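Trainee: I would like to see how this sequence folds:
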Amino acid sequence: MENLNNTHLKSIGYILWIFGFMGAHRFYYGKPVTGTIWFFTLGLCFIGWIVDLFLIPSMDREADFRFHMGNLSYTLAWILLAFLGLFGIHRFYMGKWVTGILYLVSGGIFGIGYLYDLWTLNDQISHINSGTKS
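Mentor: Next comes the predicted model:
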C-alpha cells in the first residue's frame, strides 16, 4: 500500500545529498544525530555520503510516514531555514513571530537557535500541522 503522505521530496533529498558530507540531507529527513555525525566527519570520510546516495529513497519513505502533512510545507520551511534561517524567515513562515523577530535582530540568536532548528524543524512543523502546540 502506497503512502499518500508525501511530506518530503526525493528531489530535494538528492539536491541536499550534494552537500550531504555536511549532513544536509540527513537533517532534512529528520535524522539530526547522524546529520551531526556526517557534519563533523565529512560524511564518515565520504564513505557514508556515497552509501546515502542509495539510502535516500528509504529515508524519504520513512520521513513521509513519520511526519504529518498540513498547511505548512516541510520543503519550503527547509529551504527558508537553509538560506534565510539566521534571519528567522522560516519562523515567520511557521507563524512564530516573536522568535522570528528575535532571530532577525540576533542572527538566529547568535547561531545557536539556527542549530536548534536544524535539529527540530521537522518536529516543529509536524506539531503545527497536527494542531498541537509546541
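Trainee: which phi and psi does Ile15 have?
Mentor: Backbone torsions of Ile15, given as degrees, to the nearest 10, read phi -60, psi -40.
Trainee: sorry, that was for His8
Mentor: Taking degrees, to the nearest 10 as the convention, His8 sits at phi -120, psi 150.
Trainee: list the contacts for it?
Mentor: His8 sits next to Tyr28, Tyr29, Asp60, Ala63, Asp64, Phe67, Tyr74, Thr75 when contact means C-beta atoms under 8 Å, 6 or more residues apart in numbering. For glycine as for every other residue, the C-beta is placed from the backbone atoms N, C-alpha and C.
Trainee: Save those residues as a markdown table, and put in neighbour count too.
Mentor: Listed next are these as a markdown table, based on neighbours: other C-beta atoms under 10 Å:
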| residue | neighbour count |
| --- | --- |
| Tyr28 | 30 |
| Tyr29 | 28 |
| Asp60 | 22 |
| Ala63 | 21 |
| Asp64 | 20 |
| Phe67 | 21 |
| Tyr74 | 26 |
| Thr75 | 16 |
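Trainee: Which ones among those residues map onto helices?
Mentor: With DSSP state H as the criterion, helices contain Tyr28, Asp60, Ala63, Asp64, Tyr74, Thr75 from among those.
Trainee: Which one of those residues is nearest to Ile15?
Mentor: Minimum distance to Ile15 across those is 9.5 Å, recorded for Tyr28 (C-beta to C-beta).
Trainee: Could I get the pLDDT score of that closest one?
Mentor: For Tyr28, the pLDDT comes out at 94.
Trainee: can I get the contacts of His8 in JSON lines with distance to Leu121?
Mentor: Shown next, in JSON lines, are the contacts of His8 (distance: C-beta to C-beta, whole Å):
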{"residue": "Tyr28", "distance to Leu121": "9"}
{"residue": "Tyr29", "distance to Leu121": "11"}
{"residue": "Asp60", "distance to Leu121": "16"}
{"residue": "Ala63", "distance to Leu121": "12"}
{"residue": "Asp64", "distance to Leu121": "16"}
{"residue": "Phe67", "distance to Leu121": "10"}
{"residue": "Tyr74", "distance to Leu121": "8"}
{"residue": "Thr75", "distance to Leu121": "11"}
